[in-house]
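Asker: Quick one, fold the following:
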Amino acid sequence: SLRWYQHPTEEELRILAGKQRGKTKKDRKYNGHIENKPLTIPKDIDLHLETKSVTERDTIALHYFPEYQWLVDFTVAATVVYVVTEAYYSIVKPSQEMNISVVWCLLVLAFAVKVLFSLTTHYFKVEDGGERSVCVTFGFFFFVKAMAILIVTENYLEFGLESGFSNFSESAMQFLEKQGLESQGPVSKLTFKLFLAVLCSLIGAFLTFPGLRLAQMHLDALNLATEKITQTLLHINFLAPLLMVLLWVKPITKDYIMNPRLGKESVPLMSEDTFDTVRLWIIILLCVLRLTMMRHHLQAYLNLAQKSVDQMKKEAGRISMVDLQKMVARVFYYLCVIALQYVAPLVMLLHTTLLLKTLGNYSWGIYPELNSDTPVENSLLSSSVYSESPPADGKMKVTVVQITMALGSLKNIFTPLLFRGLLSFLTWWIAACLFSTSLFGLFYHQYLTVA
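Answerer: Numbering: from 1, shown residues only. Here you go, the predicted structure:
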(Lines give C-alpha, C1' and ligand atoms only; values in the text may rest on other atoms or scores of the structure.)
Protein backbone atom coordinates (compact mmCIF):
# COMPACT_ATOMS: atom_id res chain seq x y z
CA SER A 1 0.00 0.00 0.00
CA LEU A 2 1.00 3.64 -0.33
CA ARG A 3 2.76 5.38 2.53
CA TRP A 4 2.47 9.10 3.21
CA TYR A 5 4.62 11.39 5.32
CA GLN A 6 3.07 12.99 8.39
CA HIS A 7 3.94 16.58 9.19
CA PRO A 8 5.77 17.09 12.51
CA THR A 9 3.86 18.54 15.43
CA GLU A 10 4.76 21.81 17.08
CA GLU A 11 6.12 20.06 20.17
CA GLU A 12 8.38 17.80 18.09
CA LEU A 13 9.80 20.81 16.24
CA ARG A 14 10.43 22.62 19.54
CA ILE A 15 12.30 19.65 20.92
CA LEU A 16 14.45 19.37 17.78
CA ALA A 17 15.15 23.10 17.87
CA GLY A 18 16.03 22.99 21.55
CA LYS A 19 13.31 25.42 22.52
CA GLN A 20 10.78 24.84 25.26
CA ARG A 21 7.49 26.66 25.64
CA GLY A 22 7.94 29.08 28.49
CA LYS A 23 5.35 29.49 31.19
CA THR A 24 5.52 33.27 31.17
CA LYS A 25 5.62 35.79 28.35
CA LYS A 26 9.16 36.75 29.35
CA ASP A 27 10.36 33.16 28.98
CA ARG A 28 8.78 32.90 25.52
CA LYS A 29 10.48 36.09 24.41
CA TYR A 30 13.77 34.74 25.70
CA ASN A 31 13.28 31.58 23.62
CA GLY A 32 12.97 33.63 20.43
CA HIS A 33 9.30 34.29 19.94
CA ILE A 34 6.43 36.34 21.23
CA GLU A 35 2.66 35.92 20.96
CA ASN A 36 2.10 37.73 17.66
CA LYS A 37 5.26 36.38 15.99
CA PRO A 38 5.39 32.80 14.59
CA LEU A 39 8.08 30.55 15.98
CA THR A 40 10.90 29.87 13.54
CA ILE A 41 13.40 27.04 13.49
CA PRO A 42 16.67 26.55 11.57
CA LYS A 43 16.27 25.02 8.14
CA ASP A 44 19.15 22.60 8.72
CA ILE A 45 17.34 20.99 11.61
CA ASP A 46 17.75 17.21 11.98
CA LEU A 47 14.20 16.33 10.97
CA HIS A 48 13.02 12.89 9.91
CA LEU A 49 9.40 12.47 8.87
CA GLU A 50 7.31 9.56 10.02
CA THR A 51 5.37 7.52 7.49
CA LYS A 52 1.94 5.94 7.68
CA SER A 53 -0.01 3.65 5.38
CA VAL A 54 -2.76 5.36 3.41
CA THR A 55 -6.17 4.24 4.64
CA GLU A 56 -9.65 5.02 3.39
CA ARG A 57 -10.24 7.19 6.43
CA ASP A 58 -7.20 9.31 5.58
CA THR A 59 -8.36 9.95 2.00
CA ILE A 60 -11.87 11.21 2.83
CA ALA A 61 -10.67 14.73 3.61
CA LEU A 62 -8.38 14.97 0.58
CA HIS A 63 -8.93 17.52 -2.16
CA TYR A 64 -10.97 16.13 -5.11
CA PHE A 65 -11.53 12.79 -3.36
CA PRO A 66 -15.28 12.59 -4.29
CA GLU A 67 -14.46 13.27 -7.96
CA TYR A 68 -11.74 10.62 -7.94
CA GLN A 69 -13.93 8.01 -6.27
CA TRP A 70 -16.83 8.72 -8.64
CA LEU A 71 -14.66 8.51 -11.76
CA VAL A 72 -13.03 5.24 -10.69
CA ASP A 73 -16.29 3.59 -9.63
CA PHE A 74 -18.16 4.64 -12.76
CA THR A 75 -15.27 3.61 -15.02
CA VAL A 76 -15.15 0.15 -13.47
CA ALA A 77 -18.92 -0.22 -13.83
CA ALA A 78 -18.84 0.97 -17.45
CA THR A 79 -15.98 -1.40 -18.29
CA VAL A 80 -17.89 -4.34 -16.78
CA VAL A 81 -20.98 -3.37 -18.79
CA TYR A 82 -18.86 -3.18 -21.94
CA VAL A 83 -17.32 -6.63 -21.37
CA VAL A 84 -20.71 -8.21 -20.68
CA THR A 85 -22.23 -6.52 -23.72
CA GLU A 86 -19.39 -7.67 -25.98
CA ALA A 87 -19.81 -11.23 -24.70
CA TYR A 88 -23.56 -11.03 -25.37
CA TYR A 89 -23.04 -9.72 -28.90
CA SER A 90 -20.45 -12.40 -29.67
CA ILE A 91 -22.81 -15.17 -28.56
CA VAL A 92 -26.28 -13.98 -29.57
CA LYS A 93 -25.25 -11.66 -32.42
CA PRO A 94 -28.33 -9.40 -32.47
CA SER A 95 -28.85 -7.21 -35.52
CA GLN A 96 -31.61 -4.77 -34.55
CA GLU A 97 -30.60 -3.92 -30.96
CA MET A 98 -28.80 -0.83 -29.80
CA ASN A 99 -25.41 -1.43 -28.20
CA ILE A 100 -25.90 0.04 -24.73
CA SER A 101 -22.15 -0.09 -23.98
CA VAL A 102 -21.66 2.86 -26.36
CA VAL A 103 -23.72 5.06 -24.03
CA TRP A 104 -21.67 3.97 -21.01
CA CYS A 105 -18.38 4.69 -22.78
CA LEU A 106 -19.61 8.13 -23.84
CA LEU A 107 -20.61 8.89 -20.25
CA VAL A 108 -17.17 7.85 -19.01
CA LEU A 109 -15.52 10.15 -21.54
CA ALA A 110 -17.83 12.99 -20.50
CA PHE A 111 -16.97 12.55 -16.82
CA ALA A 112 -13.23 12.32 -17.54
CA VAL A 113 -13.31 15.51 -19.62
CA LYS A 114 -15.37 17.23 -16.93
CA VAL A 115 -12.81 16.32 -14.26
CA LEU A 116 -9.89 17.53 -16.40
CA PHE A 117 -11.80 20.74 -17.13
CA SER A 118 -12.34 21.27 -13.40
CA LEU A 119 -8.63 20.77 -12.69
CA THR A 120 -7.67 23.16 -15.49
CA THR A 121 -10.02 25.87 -14.21
CA HIS A 122 -8.39 25.44 -10.80
CA TYR A 123 -5.05 26.38 -12.37
CA PHE A 124 -6.65 29.42 -13.97
CA LYS A 125 -7.77 30.67 -10.55
CA VAL A 126 -4.18 30.85 -9.32
CA GLU A 127 -3.07 34.43 -9.95
CA ASP A 128 0.50 34.37 -8.69
CA GLY A 129 1.77 31.30 -10.55
CA GLY A 130 2.30 30.87 -14.27
CA GLU A 131 -0.06 27.91 -14.67
CA ARG A 132 -2.57 29.98 -16.61
CA SER A 133 0.03 31.05 -19.16
CA VAL A 134 1.23 27.46 -19.52
CA CYS A 135 -2.30 26.21 -20.30
CA VAL A 136 -2.96 28.97 -22.83
CA THR A 137 0.43 28.49 -24.50
CA PHE A 138 0.01 24.74 -24.86
CA GLY A 139 -3.57 25.22 -26.06
CA PHE A 140 -2.41 27.41 -28.96
CA PHE A 141 0.51 25.05 -29.61
CA PHE A 142 -1.80 22.06 -29.93
CA PHE A 143 -4.19 24.04 -32.14
CA VAL A 144 -1.39 24.74 -34.62
CA LYS A 145 -0.18 21.15 -34.32
CA ALA A 146 -3.67 19.79 -35.01
CA MET A 147 -4.05 21.98 -38.10
CA ALA A 148 -0.70 20.73 -39.37
CA ILE A 149 -1.63 17.09 -38.73
CA LEU A 150 -4.98 17.45 -40.49
CA ILE A 151 -3.18 18.74 -43.59
CA VAL A 152 -0.94 15.66 -43.79
CA THR A 153 -2.11 13.22 -46.44
CA GLU A 154 -3.19 9.69 -45.61
CA ASN A 155 -0.01 8.38 -47.21
CA TYR A 156 1.70 9.05 -43.88
CA LEU A 157 -1.05 8.91 -41.23
CA GLU A 158 -3.83 6.42 -41.97
CA PHE A 159 -6.73 7.63 -39.86
CA GLY A 160 -9.33 7.30 -42.59
CA LEU A 161 -10.70 10.79 -41.96
CA GLU A 162 -10.90 11.70 -45.64
CA SER A 163 -12.82 8.58 -46.68
CA GLY A 164 -14.99 8.75 -43.56
CA PHE A 165 -15.95 12.38 -44.16
CA SER A 166 -16.65 11.72 -47.84
CA ASN A 167 -18.90 8.81 -46.93
CA PHE A 168 -20.68 10.95 -44.33
CA SER A 169 -21.29 13.79 -46.80
CA GLU A 170 -22.62 11.48 -49.52
CA SER A 171 -24.93 9.68 -47.11
CA ALA A 172 -26.22 12.96 -45.68
CA MET A 173 -26.89 14.35 -49.17
CA GLN A 174 -28.80 11.21 -50.17
CA PHE A 175 -30.86 11.44 -46.99
CA LEU A 176 -31.69 15.10 -47.62
CA GLU A 177 -32.64 14.35 -51.23
CA LYS A 178 -35.06 11.67 -50.04
CA GLN A 179 -36.62 14.26 -47.77
CA GLY A 180 -37.06 16.62 -50.74
CA LEU A 181 -34.35 19.07 -49.62
CA GLU A 182 -31.54 20.40 -51.77
CA SER A 183 -28.14 20.64 -50.10
CA GLN A 184 -24.47 20.43 -50.98
CA GLY A 185 -23.69 18.65 -47.74
CA PRO A 186 -24.16 19.16 -43.98
CA VAL A 187 -20.78 20.82 -43.46
CA SER A 188 -17.74 21.66 -45.54
CA LYS A 189 -14.44 19.85 -45.11
CA LEU A 190 -12.72 23.05 -43.93
CA THR A 191 -15.33 23.61 -41.23
CA PHE A 192 -15.08 19.98 -40.17
CA LYS A 193 -11.31 20.14 -39.78
CA LEU A 194 -11.48 23.52 -38.04
CA PHE A 195 -13.91 22.09 -35.50
CA LEU A 196 -11.57 19.12 -34.97
CA ALA A 197 -8.60 21.46 -34.48
CA VAL A 198 -10.46 23.46 -31.81
CA LEU A 199 -11.47 20.24 -30.05
CA CYS A 200 -7.88 18.99 -30.21
CA SER A 201 -6.55 22.24 -28.73
CA LEU A 202 -8.92 21.90 -25.77
CA ILE A 203 -7.89 18.28 -25.22
CA GLY A 204 -4.23 19.30 -25.40
CA ALA A 205 -4.76 22.09 -22.86
CA PHE A 206 -6.53 19.68 -20.49
CA LEU A 207 -3.70 17.13 -20.80
CA THR A 208 -0.89 19.65 -20.30
CA PHE A 209 -0.42 19.40 -16.55
CA PRO A 210 -1.13 15.64 -16.39
CA GLY A 211 1.74 15.14 -18.83
CA LEU A 212 4.07 17.49 -16.96
CA ARG A 213 3.26 15.80 -13.67
CA LEU A 214 3.77 12.35 -15.18
CA ALA A 215 7.29 13.31 -16.24
CA GLN A 216 8.26 14.33 -12.71
CA MET A 217 6.75 11.17 -11.19
CA HIS A 218 8.54 9.07 -13.82
CA LEU A 219 11.94 10.48 -12.87
CA ASP A 220 11.27 10.04 -9.15
CA ALA A 221 9.93 6.52 -9.65
CA LEU A 222 13.08 5.56 -11.57
CA ASN A 223 15.22 6.78 -8.67
CA LEU A 224 13.17 4.71 -6.22
CA ALA A 225 13.08 1.53 -8.32
CA THR A 226 15.79 -0.97 -7.45
CA GLU A 227 14.85 -3.90 -9.69
CA LYS A 228 15.72 -3.91 -13.37
CA ILE A 229 12.33 -5.26 -14.38
CA THR A 230 10.57 -2.38 -12.62
CA GLN A 231 12.80 0.17 -14.31
CA THR A 232 12.17 -1.46 -17.69
CA LEU A 233 8.40 -1.39 -17.16
CA LEU A 234 8.60 2.26 -16.12
CA HIS A 235 10.44 3.11 -19.34
CA ILE A 236 7.91 1.18 -21.44
CA ASN A 237 5.09 2.92 -19.59
CA PHE A 238 6.58 6.33 -20.35
CA LEU A 239 7.08 5.46 -24.02
CA ALA A 240 3.64 3.82 -24.37
CA PRO A 241 1.98 6.91 -25.95
CA LEU A 242 4.79 7.06 -28.53
CA LEU A 243 4.20 3.41 -29.42
CA MET A 244 0.49 4.15 -29.88
CA VAL A 245 1.30 7.12 -32.12
CA LEU A 246 3.55 4.99 -34.32
CA LEU A 247 0.76 2.44 -34.85
CA TRP A 248 -0.95 4.89 -37.23
CA VAL A 249 2.16 5.90 -39.18
CA LYS A 250 1.57 4.26 -42.54
CA PRO A 251 5.20 3.77 -43.67
CA ILE A 252 5.91 1.86 -40.44
CA THR A 253 2.75 -0.21 -40.40
CA LYS A 254 2.80 -1.08 -44.11
CA ASP A 255 6.53 -1.61 -44.69
CA TYR A 256 7.73 -3.04 -41.38
CA ILE A 257 4.73 -4.75 -39.75
CA MET A 258 2.19 -5.83 -42.36
CA ASN A 259 4.54 -6.38 -45.31
CA PRO A 260 8.13 -6.73 -44.03
CA ARG A 261 10.87 -7.13 -46.61
CA LEU A 262 12.98 -10.27 -46.76
CA GLY A 263 15.70 -9.56 -49.27
CA LYS A 264 14.13 -7.99 -52.33
CA GLU A 265 10.62 -9.28 -51.79
CA SER A 266 7.96 -8.21 -49.29
CA VAL A 267 6.26 -10.95 -47.32
CA PRO A 268 2.61 -10.33 -46.34
CA LEU A 269 2.63 -11.01 -42.60
CA MET A 270 -0.95 -10.04 -41.79
CA SER A 271 -4.01 -8.47 -43.37
CA GLU A 272 -5.32 -4.99 -42.62
CA ASP A 273 -8.20 -6.37 -40.55
CA THR A 274 -5.78 -8.41 -38.46
CA PHE A 275 -3.51 -5.42 -37.95
CA ASP A 276 -6.48 -3.26 -36.88
CA THR A 277 -7.33 -5.85 -34.24
CA VAL A 278 -3.71 -6.15 -33.10
CA ARG A 279 -3.53 -2.37 -32.80
CA LEU A 280 -6.57 -2.35 -30.51
CA TRP A 281 -5.06 -5.06 -28.31
CA ILE A 282 -1.71 -3.26 -28.10
CA ILE A 283 -3.40 -0.05 -26.92
CA ILE A 284 -5.42 -1.91 -24.29
CA LEU A 285 -2.37 -3.80 -23.01
CA LEU A 286 -0.40 -0.56 -22.74
CA CYS A 287 -3.29 0.98 -20.80
CA VAL A 288 -3.24 -1.99 -18.44
CA LEU A 289 0.52 -1.53 -18.01
CA ARG A 290 0.03 2.13 -17.13
CA LEU A 291 -2.60 1.16 -14.58
CA THR A 292 -0.27 -1.36 -12.93
CA MET A 293 2.48 1.25 -12.72
CA MET A 294 0.17 3.71 -10.97
CA ARG A 295 1.29 2.72 -7.47
CA HIS A 296 4.97 3.41 -8.25
CA HIS A 297 4.14 6.86 -9.58
CA LEU A 298 1.90 7.84 -6.68
CA GLN A 299 4.46 6.67 -4.14
CA ALA A 300 7.10 8.70 -5.96
CA TYR A 301 4.82 11.73 -5.61
CA LEU A 302 4.26 11.13 -1.88
CA ASN A 303 8.02 10.98 -1.38
CA LEU A 304 8.19 14.63 -2.45
CA ALA A 305 7.48 15.53 1.17
CA GLN A 306 10.75 14.00 2.38
CA LYS A 307 12.51 15.30 -0.72
CA SER A 308 11.39 18.85 0.09
CA VAL A 309 12.63 18.51 3.67
CA ASP A 310 16.01 17.20 2.46
CA GLN A 311 16.27 20.13 0.07
CA MET A 312 15.39 22.54 2.89
CA LYS A 313 18.21 21.19 5.05
CA LYS A 314 20.73 22.28 2.42
CA GLU A 315 19.56 25.88 2.64
CA ALA A 316 20.60 28.51 5.15
CA GLY A 317 18.27 30.57 7.28
CA ARG A 318 15.13 29.86 9.27
CA ILE A 319 11.60 28.77 8.49
CA SER A 320 8.43 29.09 10.51
CA MET A 321 6.82 25.99 11.97
CA VAL A 322 3.56 26.64 10.16
CA ASP A 323 5.26 26.92 6.76
CA LEU A 324 7.17 23.70 7.39
CA GLN A 325 4.02 21.84 8.38
CA LYS A 326 2.17 23.16 5.31
CA MET A 327 5.03 22.15 3.03
CA VAL A 328 4.81 18.55 4.26
CA ALA A 329 1.03 18.27 4.58
CA ARG A 330 0.35 19.82 1.16
CA VAL A 331 1.83 16.79 -0.62
CA PHE A 332 -0.65 14.31 0.85
CA TYR A 333 -3.55 16.77 0.63
CA TYR A 334 -3.28 16.89 -3.19
CA LEU A 335 -2.84 13.13 -3.64
CA CYS A 336 -6.26 12.69 -5.28
CA VAL A 337 -5.54 15.56 -7.68
CA ILE A 338 -2.39 13.78 -8.83
CA ALA A 339 -4.28 10.48 -9.04
CA LEU A 340 -6.93 12.13 -11.23
CA GLN A 341 -4.24 13.59 -13.48
CA TYR A 342 -2.86 10.07 -13.87
CA VAL A 343 -6.17 8.18 -14.26
CA ALA A 344 -8.33 10.57 -16.32
CA PRO A 345 -6.14 10.53 -19.49
CA LEU A 346 -5.85 6.76 -19.15
CA VAL A 347 -9.64 6.44 -18.95
CA MET A 348 -10.08 8.69 -21.99
CA LEU A 349 -7.59 6.65 -24.02
CA LEU A 350 -9.05 3.29 -23.02
CA HIS A 351 -12.70 4.09 -23.65
CA THR A 352 -11.99 5.93 -26.89
CA THR A 353 -10.35 2.71 -28.04
CA LEU A 354 -13.38 0.69 -26.94
CA LEU A 355 -15.65 3.05 -28.85
CA LEU A 356 -13.38 2.67 -31.87
CA LYS A 357 -13.81 -1.08 -31.76
CA THR A 358 -17.60 -0.99 -31.35
CA LEU A 359 -18.59 1.91 -33.60
CA GLY A 360 -15.87 1.12 -36.12
CA ASN A 361 -17.21 -2.43 -36.50
CA TYR A 362 -13.89 -4.08 -35.68
CA SER A 363 -13.36 -7.54 -34.22
CA TRP A 364 -11.50 -8.79 -31.14
CA GLY A 365 -10.25 -11.88 -32.95
CA ILE A 366 -6.73 -11.78 -34.33
CA TYR A 367 -7.99 -13.54 -37.45
CA PRO A 368 -11.55 -12.19 -37.75
CA GLU A 369 -14.14 -13.90 -39.83
CA LEU A 370 -14.98 -12.42 -43.19
CA ASN A 371 -17.92 -10.12 -42.70
CA SER A 372 -19.97 -8.45 -45.33
CA ASP A 373 -18.98 -4.93 -46.26
CA THR A 374 -20.40 -2.13 -44.20
CA PRO A 375 -22.20 -0.33 -47.06
CA VAL A 376 -23.98 -3.57 -47.93
CA GLU A 377 -25.08 -4.01 -44.33
CA ASN A 378 -26.33 -0.46 -44.20
CA SER A 379 -28.23 -0.80 -47.46
CA LEU A 380 -29.82 -4.04 -46.28
CA LEU A 381 -30.74 -2.43 -43.01
CA SER A 382 -32.25 0.58 -44.69
CA SER A 383 -34.20 -1.50 -47.19
CA SER A 384 -35.58 -3.72 -44.45
CA VAL A 385 -36.56 -0.72 -42.38
CA TYR A 386 -38.25 1.13 -45.18
CA SER A 387 -39.96 -2.02 -46.45
CA GLU A 388 -41.83 -2.43 -43.20
CA SER A 389 -45.32 -1.11 -43.57
CA PRO A 390 -46.81 0.41 -40.45
CA PRO A 391 -49.56 -1.74 -38.98
CA ALA A 392 -52.99 -0.25 -38.83
CA ASP A 393 -54.04 -1.56 -35.42
CA GLY A 394 -52.83 1.39 -33.42
CA LYS A 395 -50.99 4.68 -33.39
CA MET A 396 -48.40 3.37 -30.97
CA LYS A 397 -47.05 0.82 -33.44
CA VAL A 398 -47.00 3.46 -36.16
CA THR A 399 -44.86 5.68 -33.93
CA VAL A 400 -42.49 2.80 -33.17
CA VAL A 401 -42.03 2.10 -36.88
CA GLN A 402 -41.38 5.78 -37.58
CA ILE A 403 -38.73 5.91 -34.88
CA THR A 404 -37.17 2.74 -36.28
CA MET A 405 -37.08 4.28 -39.74
CA ALA A 406 -35.44 7.42 -38.37
CA LEU A 407 -32.77 5.37 -36.55
CA GLY A 408 -32.17 3.38 -39.72
CA SER A 409 -31.62 6.62 -41.63
CA LEU A 410 -29.15 7.82 -38.98
CA LYS A 411 -27.24 4.55 -39.27
CA ASN A 412 -26.94 5.15 -43.00
CA ILE A 413 -25.49 8.64 -42.33
CA PHE A 414 -23.19 7.87 -39.38
CA THR A 415 -21.50 4.80 -40.79
CA PRO A 416 -18.68 2.75 -39.26
CA LEU A 417 -16.38 4.26 -41.88
CA LEU A 418 -16.93 7.71 -40.36
CA PHE A 419 -16.45 6.46 -36.80
CA ARG A 420 -13.24 4.65 -37.77
CA GLY A 421 -11.67 7.83 -39.09
CA LEU A 422 -12.91 10.10 -36.30
CA LEU A 423 -12.18 7.82 -33.32
CA SER A 424 -8.84 6.69 -34.75
CA PHE A 425 -7.78 10.31 -34.99
CA LEU A 426 -8.98 11.12 -31.45
CA THR A 427 -7.24 8.06 -30.00
CA TRP A 428 -4.03 8.99 -31.80
CA TRP A 429 -4.36 12.61 -30.68
CA ILE A 430 -4.79 11.77 -26.99
CA ALA A 431 -1.67 9.60 -27.10
CA ALA A 432 0.24 12.29 -29.01
CA CYS A 433 -0.72 14.97 -26.46
CA LEU A 434 0.31 12.78 -23.55
CA PHE A 435 3.68 12.04 -25.08
CA SER A 436 4.33 15.66 -26.12
CA THR A 437 3.56 17.10 -22.69
CA SER A 438 5.40 14.37 -20.79
CA LEU A 439 8.43 14.74 -23.05
CA PHE A 440 8.49 18.49 -22.42
CA GLY A 441 8.07 17.83 -18.71
CA LEU A 442 10.97 15.38 -18.78
CA PHE A 443 13.19 17.97 -20.43
CA TYR A 444 12.04 20.66 -17.96
CA HIS A 445 12.55 18.63 -14.79
CA GLN A 446 15.77 17.03 -16.01
CA TYR A 447 17.59 20.11 -17.28
CA LEU A 448 15.81 23.43 -16.69
CA THR A 449 15.10 22.98 -12.99
CA VAL A 450 18.66 21.86 -12.36
CA ALA A 451 20.01 24.87 -14.21
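Asker: Identify the residues contacting the residue nearest the centre of the chain.
Answerer: In the chain, the centroid-proximal residue (Cα atoms, centre = their mean) is residue 345; its distance is 1.1 Å. Residue 345 is in contact with 112, 116, 207, 210, 211, 430, 434, counting by Cβ atoms under 8 Å, 6 or more residues apart in numbering. Any C-beta I mention is one placed from the backbone N, CA and C, and that applies to glycine too.
Asker: can you list contacts of stretch 233-248?
Answerer: With Cβ under 8 Å, 6+ apart, stretch 233-248 has contacts from 157-159, 214, 218, 221-222, 225, 252-253, 279, 282-283, 286, 289-290, 292-293, 296, 349, 424, 427-428, 431-432, 434-435, 438, 442.
Asker: buried subset of those residues?
Answerer: Neighbour-count burial (16 or more other Cβ atoms under 10 Å) applied to these gives 157-159, 214, 218, 221, 225, 253, 279, 283, 286, 290, 293, 296, 349, 424, 427-428, 431-432, 434-435, 438, 442.
Asker: Return the subset of the residues you listed lying in helices.
Answerer: Counting by DSSP state H, the part of these found in helices is 214, 218, 221, 279, 283, 286, 290, 296, 349, 424, 427-428, 431-432, 434-435, 438, 442.
Asker: Could you point out which residue ranges in this structure have low pLDDT?
Answerer: Scanning the chain for pLDDT under 70 picks out the ranges 19-38, 128-129, 179-185, 367-410, 449-451.
Asker: From the contacts of residue 345, keep the buried residues only.
Answerer: Buried, going by 16+ other Cβ under 10 Å: 112, 116, 207, 210, 211, 430, 434, out of the contacts of residue 345.
Asker: my read: the third one touches residue 431, true?
Answerer: No - taking Cβ atoms under 8 Å as the definition, residue 207 is not a contact partner of residue 431, at 10.1 Å.
Asker: And the helices in the stretch 201-350 of the chain?
Answerer: For the stretch 201-350 of the chain, the helices defined by DSSP state H, counting those that start in this stretch occupy 208-224, 228-246, 250-252, 272-292, 294-302, 304-313, 321-333, 335-359.
Asker: Buried deepest among those, which one?
Answerer: helix 335-359 (a mean of 23; mean count of other Cβ atoms under 10 Å).
Asker: roughly how far apart are the nearest residue in space to residue 154 that is not next to it in sequence and residue 424?
Answerer: Nearest non-adjacent residue to residue 154, counting by Cβ to Cβ, 6 or more residues apart in numbering: residue 162, 5.8 Å away. According to Cβ to Cβ, to the nearest Å, residue 162 and residue 424 sit 12 Å apart.
Asker: swap in residue 338?
Answerer: 30 Å.
Asker: what's the answer for residue 355, then?
Answerer: Applying Cβ to Cβ, the value for residue 355 to residue 424 is 11 Å.
Asker: ok so, going back, shared neighbours of residue 207 and residue 431, anything?
Answerer: In contact with both residue 207 and residue 431: no residue, using Cβ under 8 Å, 6+ apart.
Asker: Which strands or helices does whatever helix or strand residue 74 lives in pack on?
Answerer: Counting by DSSP states H and E, the element that carries residue 74 is helix 65-92. Here helix 65-92 touches helix 100-125, helix 335-359, going by 3 or more Cβ pairs under 8 Å, 6 or more residues apart in numbering; DSSP states H and E.
Asker: of these, which approaches residue 149 most closely?
Answerer: Closest of these to residue 149 is helix 335-359, at 16.6 Å (criterion: Cβ to Cβ).
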